[in-house]
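Visitor: Here's my sequence, what's the structure:
(one chain, ligands or ions: 1)
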Amino acid sequence: MAAISFQSVSKAYPSPKSSKSSERPGTFLALDAVSLDIQEGEFFGLLGPNGAGKTTMISVLAGLTRATSGRVSVLGHDVQADFAAARRALGVVPQELVFDPFFNVRELLRIQSGYFGVKNNGAWIDELLESLGLADKANANMRQLSGGMKRRVLVAQALVHKPPVIVLDEPTAGVDVELRQTLWQFIAKLNREGHTVLLTTHYLEEAEALCGRIAMLKTGRIVALDKTSDLLKAASSNVLRFKLDAEMPKALADKARITGRIVQFPANDALEIERYLAAVREAGLVAQDIEIRKADLEDVFLDVMTQNKDSVHGVGAVA
Ligand SMILES: Nc1ncnc2c1ncn2[C@@H]1O[C@H](COP(=O)(O)OP(=O)(O)OP(=O)(O)O)[C@@H](O)[C@H]1O
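Guide: Now for the predicted structure:
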(Lines give C-alpha, C1' and ligand atoms only; values in the text may rest on other atoms or scores of the structure.)
Protein backbone atom coordinates (compact mmCIF):
# COMPACT_ATOMS: atom_id res chain seq x y z
CA MET A 1 0.00 0.00 0.00
CA ALA A 2 1.25 3.49 -0.81
CA ALA A 3 2.06 5.68 2.20
CA ILE A 4 0.98 8.73 0.21
CA SER A 5 -1.05 8.66 -2.98
CA PHE A 6 -2.05 11.55 -5.23
CA GLN A 7 -4.32 10.54 -8.09
CA SER A 8 -4.83 13.14 -10.77
CA VAL A 9 -5.04 15.95 -8.21
CA SER A 10 -5.79 19.49 -9.38
CA LYS A 11 -6.17 22.59 -7.29
CA ALA A 12 -7.57 25.85 -8.63
CA TYR A 13 -7.42 28.89 -6.34
CA PRO A 14 -9.81 31.78 -6.90
CA SER A 15 -7.54 34.48 -8.28
CA PRO A 16 -7.56 37.52 -10.54
CA LYS A 17 -4.26 36.31 -12.11
CA SER A 18 -5.81 33.43 -14.11
CA SER A 19 -3.47 32.58 -16.93
CA LYS A 20 -3.58 29.37 -18.95
CA SER A 21 -6.25 29.09 -21.61
CA SER A 22 -7.45 25.75 -20.21
CA GLU A 23 -8.40 27.38 -16.91
CA ARG A 24 -11.72 28.63 -15.80
CA PRO A 25 -11.71 32.44 -15.68
CA GLY A 26 -11.03 33.87 -12.23
CA THR A 27 -9.03 30.85 -11.09
CA PHE A 28 -5.37 29.98 -10.92
CA LEU A 29 -4.36 26.35 -11.40
CA ALA A 30 -1.73 25.67 -8.71
CA LEU A 31 -1.80 21.86 -9.24
CA ASP A 32 -2.52 20.36 -12.63
CA ALA A 33 -3.49 16.66 -12.57
CA VAL A 34 -0.67 15.55 -10.25
CA SER A 35 -0.32 11.79 -9.80
CA LEU A 36 2.28 10.42 -7.42
CA ASP A 37 2.62 7.34 -5.19
CA ILE A 38 5.14 7.30 -2.35
CA GLN A 39 5.72 3.84 -0.92
CA GLU A 40 5.97 2.98 2.77
CA GLY A 41 9.50 3.49 4.10
CA GLU A 42 10.63 5.85 1.33
CA PHE A 43 12.58 9.07 1.97
CA PHE A 44 11.07 11.12 -0.83
CA GLY A 45 12.01 14.62 -2.02
CA LEU A 46 9.60 17.09 -3.61
CA LEU A 47 11.52 19.86 -5.32
CA GLY A 48 10.48 22.89 -7.32
CA PRO A 49 11.03 26.63 -7.64
CA ASN A 50 8.99 29.17 -5.64
CA GLY A 51 5.33 28.92 -6.52
CA ALA A 52 5.62 25.47 -8.14
CA GLY A 53 2.87 24.05 -5.91
CA LYS A 54 4.79 22.11 -3.21
CA THR A 55 3.03 23.70 -0.23
CA THR A 56 -0.31 23.34 -1.99
CA MET A 57 0.35 19.58 -2.35
CA ILE A 58 1.17 19.36 1.35
CA SER A 59 -1.90 21.43 2.32
CA VAL A 60 -4.12 19.12 0.27
CA LEU A 61 -2.42 16.09 1.85
CA ALA A 62 -2.93 17.45 5.37
CA GLY A 63 -6.57 18.28 4.64
CA LEU A 64 -5.96 22.01 5.11
CA THR A 65 -6.96 22.75 1.53
CA ARG A 66 -9.49 20.83 -0.55
CA ALA A 67 -8.39 19.59 -3.97
CA THR A 68 -10.59 20.82 -6.83
CA SER A 69 -10.48 17.32 -8.33
CA GLY A 70 -8.64 14.04 -7.85
CA ARG A 71 -8.02 11.83 -4.85
CA VAL A 72 -5.42 11.94 -2.08
CA SER A 73 -4.85 9.25 0.54
CA VAL A 74 -2.48 8.49 3.41
CA LEU A 75 -1.89 4.77 4.07
CA GLY A 76 -5.12 4.04 2.22
CA HIS A 77 -7.20 6.62 4.15
CA ASP A 78 -8.85 9.18 1.89
CA VAL A 79 -8.04 12.68 3.22
CA GLN A 80 -11.61 13.82 2.62
CA ALA A 81 -13.76 10.78 3.39
CA ASP A 82 -11.56 9.44 6.19
CA PHE A 83 -9.97 12.64 7.48
CA ALA A 84 -9.33 11.66 11.11
CA ALA A 85 -7.46 8.45 10.21
CA ALA A 86 -5.51 10.14 7.42
CA ARG A 87 -4.51 13.04 9.70
CA ARG A 88 -3.49 10.70 12.53
CA ALA A 89 -1.14 8.86 10.14
CA LEU A 90 0.58 12.15 9.25
CA GLY A 91 3.04 14.40 11.08
CA VAL A 92 3.38 17.70 9.25
CA VAL A 93 6.10 20.24 9.90
CA PRO A 94 4.77 23.42 8.30
CA GLN A 95 6.89 25.97 6.51
CA GLU A 96 5.59 28.91 8.53
CA LEU A 97 6.53 29.39 12.16
CA VAL A 98 3.09 29.25 13.73
CA PHE A 99 2.92 28.65 17.48
CA ASP A 100 0.90 29.43 20.56
CA PRO A 101 2.76 32.09 22.60
CA PHE A 102 1.07 31.26 25.92
CA PHE A 103 2.64 27.87 26.64
CA ASN A 104 6.07 26.51 27.35
CA VAL A 105 7.60 23.83 25.13
CA ARG A 106 6.64 20.80 27.23
CA GLU A 107 3.08 22.08 27.75
CA LEU A 108 2.71 22.57 24.02
CA LEU A 109 3.83 19.00 23.31
CA ARG A 110 1.45 17.62 25.97
CA ILE A 111 -1.45 19.58 24.47
CA GLN A 112 -0.57 18.30 21.00
CA SER A 113 -0.49 14.71 22.36
CA GLY A 114 -3.96 15.27 23.80
CA TYR A 115 -5.17 16.55 20.45
CA PHE A 116 -4.28 13.15 18.96
CA GLY A 117 -5.68 11.27 21.99
CA VAL A 118 -2.22 10.00 23.04
CA LYS A 119 -1.93 9.53 26.82
CA ASN A 120 1.16 8.97 29.02
CA ASN A 121 3.43 10.36 26.33
CA GLY A 122 6.10 11.69 28.73
CA ALA A 123 8.89 9.28 27.73
CA TRP A 124 8.48 10.00 23.99
CA ILE A 125 8.26 13.77 24.65
CA ASP A 126 11.54 13.53 26.63
CA GLU A 127 13.15 11.63 23.74
CA LEU A 128 11.94 14.24 21.24
CA LEU A 129 13.26 17.10 23.40
CA GLU A 130 16.61 15.33 23.80
CA SER A 131 16.98 14.33 20.12
CA LEU A 132 16.12 17.81 18.86
CA GLY A 133 18.42 19.61 21.31
CA LEU A 134 15.50 21.13 23.23
CA ALA A 135 15.97 19.47 26.62
CA ASP A 136 17.18 22.67 28.30
CA LYS A 137 14.31 24.66 26.74
CA ALA A 138 11.50 22.37 27.93
CA ASN A 139 10.21 24.94 30.41
CA ALA A 140 10.87 28.01 28.26
CA ASN A 141 7.92 29.96 26.96
CA MET A 142 7.59 29.86 23.16
CA ARG A 143 8.02 33.65 23.01
CA GLN A 144 11.50 33.33 24.52
CA LEU A 145 12.82 31.00 21.81
CA SER A 146 14.90 31.96 18.80
CA GLY A 147 13.59 31.24 15.29
CA GLY A 148 15.70 28.06 14.99
CA MET A 149 14.49 26.81 18.39
CA LYS A 150 10.88 27.46 17.40
CA ARG A 151 11.44 25.37 14.29
CA ARG A 152 12.74 22.51 16.44
CA VAL A 153 9.52 22.74 18.48
CA LEU A 154 7.46 22.56 15.28
CA VAL A 155 9.30 19.34 14.39
CA ALA A 156 8.69 17.91 17.87
CA GLN A 157 5.00 18.90 17.66
CA ALA A 158 4.62 17.10 14.32
CA LEU A 159 6.19 13.92 15.73
CA VAL A 160 4.48 13.84 19.12
CA HIS A 161 1.99 11.13 18.09
CA LYS A 162 4.69 9.01 16.35
CA PRO A 163 3.09 9.31 12.91
CA PRO A 164 4.08 6.64 10.37
CA VAL A 165 4.25 9.31 7.63
CA ILE A 166 6.32 12.46 8.24
CA VAL A 167 6.00 15.51 6.00
CA LEU A 168 8.56 18.29 6.24
CA ASP A 169 7.91 21.52 4.32
CA GLU A 170 11.25 23.32 4.06
CA PRO A 171 12.24 22.43 7.62
CA THR A 172 15.75 23.87 7.32
CA ALA A 173 14.87 27.28 5.84
CA GLY A 174 16.96 29.79 7.77
CA VAL A 175 18.32 27.39 10.36
CA ASP A 176 21.93 26.88 11.37
CA VAL A 177 24.23 24.02 10.41
CA GLU A 178 24.00 22.43 13.86
CA LEU A 179 20.21 22.15 13.79
CA ARG A 180 20.29 20.80 10.26
CA GLN A 181 22.64 18.02 11.32
CA THR A 182 20.66 17.22 14.48
CA LEU A 183 17.40 17.26 12.54
CA TRP A 184 18.61 15.08 9.68
CA GLN A 185 20.23 12.53 12.00
CA PHE A 186 16.95 12.21 13.86
CA ILE A 187 14.72 12.07 10.76
CA ALA A 188 17.07 9.57 9.07
CA LYS A 189 16.85 7.37 12.20
CA LEU A 190 13.04 7.50 12.11
CA ASN A 191 13.16 6.62 8.40
CA ARG A 192 15.43 3.62 9.13
CA GLU A 193 12.87 2.53 11.73
CA GLY A 194 10.21 2.46 9.00
CA HIS A 195 8.67 5.94 8.96
CA THR A 196 7.96 7.32 5.49
CA VAL A 197 9.39 10.82 4.92
CA LEU A 198 8.26 13.42 2.40
CA LEU A 199 10.56 16.43 2.27
CA THR A 200 10.39 19.71 0.38
CA THR A 201 13.53 21.79 0.38
CA HIS A 202 15.40 24.37 -1.64
CA TYR A 203 18.69 22.91 -0.32
CA LEU A 204 19.41 20.50 -3.14
CA GLU A 205 22.50 19.02 -1.52
CA GLU A 206 20.28 17.95 1.38
CA ALA A 207 17.79 16.33 -0.99
CA GLU A 208 20.63 14.59 -2.85
CA ALA A 209 22.09 13.22 0.38
CA LEU A 210 18.82 12.12 1.97
CA CYS A 211 16.20 11.22 -0.63
CA GLY A 212 15.99 7.87 -2.40
CA ARG A 213 13.52 9.25 -4.94
CA ILE A 214 12.73 12.75 -6.08
CA ALA A 215 9.88 14.48 -7.91
CA MET A 216 10.38 17.89 -9.48
CA LEU A 217 7.38 20.15 -9.76
CA LYS A 218 7.06 23.09 -12.15
CA THR A 219 3.96 25.30 -12.42
CA GLY A 220 1.79 22.65 -10.81
CA ARG A 221 3.00 19.69 -12.89
CA ILE A 222 5.47 16.91 -12.16
CA VAL A 223 8.26 17.32 -14.72
CA ALA A 224 10.71 14.73 -13.34
CA LEU A 225 10.24 11.69 -11.12
CA ASP A 226 12.94 9.12 -10.54
CA LYS A 227 15.43 7.58 -8.18
CA THR A 228 17.95 10.22 -7.12
CA SER A 229 20.80 8.08 -8.49
CA ASP A 230 19.08 7.76 -11.89
CA LEU A 231 18.41 11.50 -12.09
CA LEU A 232 22.10 12.09 -11.47
CA LYS A 233 23.14 9.47 -14.05
CA ALA A 234 20.99 11.15 -16.71
CA ALA A 235 22.72 14.53 -16.21
CA SER A 236 25.85 15.62 -18.08
CA SER A 237 28.59 13.76 -16.27
CA ASN A 238 30.86 16.75 -15.62
CA VAL A 239 30.75 20.47 -15.09
CA LEU A 240 33.57 22.80 -16.12
CA ARG A 241 33.79 25.68 -13.62
CA PHE A 242 36.02 28.74 -13.68
CA LYS A 243 36.15 32.41 -12.74
CA LEU A 244 36.05 35.20 -15.29
CA ASP A 245 36.43 38.94 -14.83
CA ALA A 246 34.90 39.96 -18.16
CA GLU A 247 31.75 39.26 -20.14
CA MET A 248 31.67 36.33 -22.56
CA PRO A 249 30.32 36.57 -26.13
CA LYS A 250 26.55 35.95 -26.11
CA ALA A 251 26.71 32.65 -28.06
CA LEU A 252 29.01 31.23 -25.37
CA ALA A 253 27.22 32.84 -22.42
CA ASP A 254 23.92 31.30 -23.56
CA LYS A 255 25.38 27.83 -22.98
CA ALA A 256 26.70 28.63 -19.50
CA ARG A 257 25.31 29.05 -16.03
CA ILE A 258 26.75 32.32 -14.73
CA THR A 259 26.65 33.40 -11.06
CA GLY A 260 28.60 36.62 -10.57
CA ARG A 261 32.18 35.78 -11.59
CA ILE A 262 31.58 32.01 -11.63
CA VAL A 263 30.97 30.41 -15.02
CA GLN A 264 29.84 26.77 -15.35
CA PHE A 265 29.41 24.64 -18.48
CA PRO A 266 27.86 21.15 -18.47
CA ALA A 267 30.31 18.93 -20.33
CA ASN A 268 30.18 15.23 -21.13
CA ASP A 269 33.81 14.58 -21.93
CA ALA A 270 37.33 16.00 -22.13
CA LEU A 271 36.83 17.14 -25.74
CA GLU A 272 33.84 19.28 -24.80
CA ILE A 273 35.75 20.78 -21.86
CA GLU A 274 38.69 21.61 -24.15
CA ARG A 275 36.31 23.20 -26.72
CA TYR A 276 34.79 25.54 -24.11
CA LEU A 277 38.22 26.56 -22.82
CA ALA A 278 39.43 27.18 -26.39
CA ALA A 279 36.35 29.33 -27.14
CA VAL A 280 37.04 31.41 -24.02
CA ARG A 281 40.69 31.85 -25.07
CA GLU A 282 39.68 32.80 -28.63
CA ALA A 283 37.39 35.48 -27.20
CA GLY A 284 40.52 37.01 -25.63
CA LEU A 285 39.43 36.10 -22.09
CA VAL A 286 41.39 34.48 -19.27
CA ALA A 287 39.67 31.75 -17.24
CA GLN A 288 40.93 31.54 -13.65
CA ASP A 289 40.70 28.83 -10.98
CA ILE A 290 39.59 26.22 -13.53
CA GLU A 291 38.10 23.06 -12.06
CA ILE A 292 36.08 20.10 -13.29
CA ARG A 293 33.50 18.62 -10.96
CA LYS A 294 30.87 15.90 -11.13
CA ALA A 295 27.33 17.07 -11.96
CA ASP A 296 25.10 17.26 -8.89
CA LEU A 297 21.39 17.55 -8.20
CA GLU A 298 21.46 21.32 -8.62
CA ASP A 299 22.67 20.83 -12.22
CA VAL A 300 19.90 18.30 -12.85
CA PHE A 301 17.32 20.63 -11.30
CA LEU A 302 18.40 23.62 -13.38
CA ASP A 303 18.43 21.45 -16.53
CA VAL A 304 14.91 20.19 -15.86
CA MET A 305 13.55 23.63 -14.97
CA THR A 306 14.97 25.30 -18.06
CA GLN A 307 13.80 22.59 -20.45
CA ASN A 308 10.56 23.36 -22.24
CA LYS A 309 10.17 19.87 -23.54
CA ASP A 310 6.98 17.91 -23.00
CA SER A 311 8.96 14.73 -22.41
CA VAL A 312 9.35 14.13 -18.75
CA HIS A 313 12.31 12.38 -17.19
CA GLY A 314 11.32 9.18 -15.46
CA VAL A 315 7.67 10.10 -14.97
CA GLY A 316 5.72 6.92 -14.57
CA ALA A 317 8.59 5.16 -12.84
CA VAL A 318 7.70 3.37 -9.63
CA ALA A 319 9.82 2.67 -6.59
N1 LIG B 1 -4.58 30.74 -1.05
C2 LIG B 1 -4.15 30.99 -2.27
N3 LIG B 1 -4.88 31.73 -3.15
C4 LIG B 1 -4.47 31.98 -4.40
N5 LIG B 1 -3.31 31.51 -4.91
C6 LIG B 1 -2.52 30.78 -4.10
C7 LIG B 1 -2.90 30.48 -2.75
N8 LIG B 1 -1.92 29.71 -2.19
C9 LIG B 1 -0.98 29.55 -3.15
N10 LIG B 1 -1.34 30.17 -4.28
C11 LIG B 1 -0.59 30.20 -5.56
O12 LIG B 1 -0.39 28.85 -5.97
C13 LIG B 1 0.92 28.68 -6.52
C14 LIG B 1 1.64 27.58 -5.76
O15 LIG B 1 1.97 28.05 -4.46
P16 LIG B 1 2.70 27.12 -3.37
O17 LIG B 1 2.76 27.90 -2.09
O18 LIG B 1 2.05 25.79 -3.35
O19 LIG B 1 4.14 26.99 -4.02
P20 LIG B 1 5.50 26.39 -3.41
O21 LIG B 1 6.04 25.45 -4.45
O22 LIG B 1 5.25 25.83 -2.05
O23 LIG B 1 6.40 27.67 -3.34
P24 LIG B 1 7.58 28.10 -2.28
O25 LIG B 1 8.81 27.34 -2.68
O26 LIG B 1 7.71 29.56 -2.55
O27 LIG B 1 7.10 27.78 -0.90
C28 LIG B 1 1.60 30.05 -6.43
O29 LIG B 1 1.46 30.70 -7.69
C30 LIG B 1 0.81 30.77 -5.37
O31 LIG B 1 0.81 32.17 -5.60
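
Visitor: next structured bit after the strand or helix carrying I111?
Guide: I111 is located in helix 105-115, with elements delineated by DSSP states H and E. Next along the chain after helix 105-115, taking DSSP H and E as the criterion, comes helix 122-131.

Visitor: picking that back up, from the contact counts, what lies against the helix holding I111?
Guide: If contacts are counted by 3 or more C-beta pairs under 8 Å, 6 or more residues apart in numbering; DSSP states H and E, helix 105-115 sits against helix 122-131, helix 147-159. In this view, the C-beta of every residue, glycine as well, is placed from N, C-alpha and C.

Visitor: For the protein, give me the ranges with low pLDDT.
Guide: By pLDDT under 70, the weakly predicted segments of the chain are 17-23, 236, 308-319.

Visitor: Compute the distance between the spatially most central residue of it and the ligand, please.
Guide: Note on the chain: the residue nearest the mean C-alpha position is T200, at 1.6 Å, using C-alpha atoms, centre = their mean. T200 sits 7 Å away from the ligand, going by C-beta to the nearest ligand atom, to the nearest Å.

Visitor: now do E298
Guide: Taken as C-beta to the nearest ligand atom, the span from E298 to the ligand is 15 Å.

Visitor: With T196 instead?
Guide: 20 Å.

Visitor: Go ahead and confirm that residue touches E42.
Guide: Yes: between T196 and E42 there is a contact under C-beta atoms under 8 Å: 5.6 Å.

Visitor: Overlap of the contact sets of these two?
Guide: Residues touching both T196 and E42 by C-beta atoms under 8 Å, 6 or more residues apart in numbering: A3.

Visitor: Which of the two has more residues huddled nearby?
Guide: T196 (25 against 20; other C-beta atoms under 10 Å).

Visitor: In space, what's closest to the more buried one - neighbours in sequence excluded?
Guide: Closest residue in space to T196, ignoring its immediate chain neighbours: A3 at 3.8 Å, by C-beta to C-beta, 6 or more residues apart in numbering.

Visitor: Would you confirm that that neighbour contacts P164?
Guide: Yes: under the criterion of C-beta under 8 Å, A3 makes contact with P164 at 7.2 Å.

Visitor: any shared contact partners between those two?
Guide: Joint contacts of A3 and P164 (C-beta under 8 Å, 6+ apart) are 40, 75, 196.

Visitor: what's the neighbour count on the second one?
Guide: The reference is to L75. L75: 20 neighbours (other C-beta under 10 Å).

Visitor: For the closest residue to it other than its chain neighbours, which residues are in contact?
Guide: Nearest residue to L75, sequence neighbours excluded (C-beta to C-beta, 6+ apart): A89, at 4.8 Å. By C-beta under 8 Å, 6+ apart, A89 lies in contact with 74-75, 77, 163-165.

Visitor: can you pick the most crowded of those?
Guide: V74 (28 neighbours).

Visitor: could you say what helices and strands the longest helix along the chain packs with?
Guide: Using DSSP state H to define each element, the chain has its longest helix at helix 177-192. Helix 177-192 sits against helix 147-159, strand 165-169, strand 196-200, helix 204-210, with contacts defined as 3+ C-beta pairs under 8 Å, 6+ apart.

Visitor: any idea how far it is from the chain center?
Guide: Remark: helix 177-192 is offset 15 Å from the chain centroid, using C-alpha atoms, centre = their mean, to the nearest Å.

Visitor: so that helix versus strand 165-169, what angle?
Guide: 150 degrees (axes from the mean of the first three to the mean of the last three C-alpha atoms, to 10 degrees).

Visitor: Give me every residue in this structure lying close to the ligand.
Guide: Counting by C-beta under 6 Å from any ligand atom, the residues of the chain close to the ligand are 13, 15, 28, 30, 48, 50-56.

Visitor: Ramachandran angles for E96?
Guide: Per-residue torsions, E96: phi -90, psi 140 (degrees, to the nearest 10).

Visitor: Compute the number of surrounding residues for it.
Guide: 10.

Visitor: R71 now?
Guide: Look at R71: counted by other C-beta under 10 Å, it has 15 neighbours.

Visitor: What residues are bridge-paired with it?
Guide: Applying DSSP bridges to R71 gives these bridge partners: Q7.

Visitor: ok, residues contacting the helix or strand where M305 lies?
Guide: In the assignment (DSSP H and E), M305 maps to helix 297-306. Here helix 297-306 makes contact (C-beta under 8 Å, 6+ apart) with 47, 49, 204-205, 207-208, 214, 216, 218, 223-224, 228, 231-232, 234-236, 239, 257, 266, 313.
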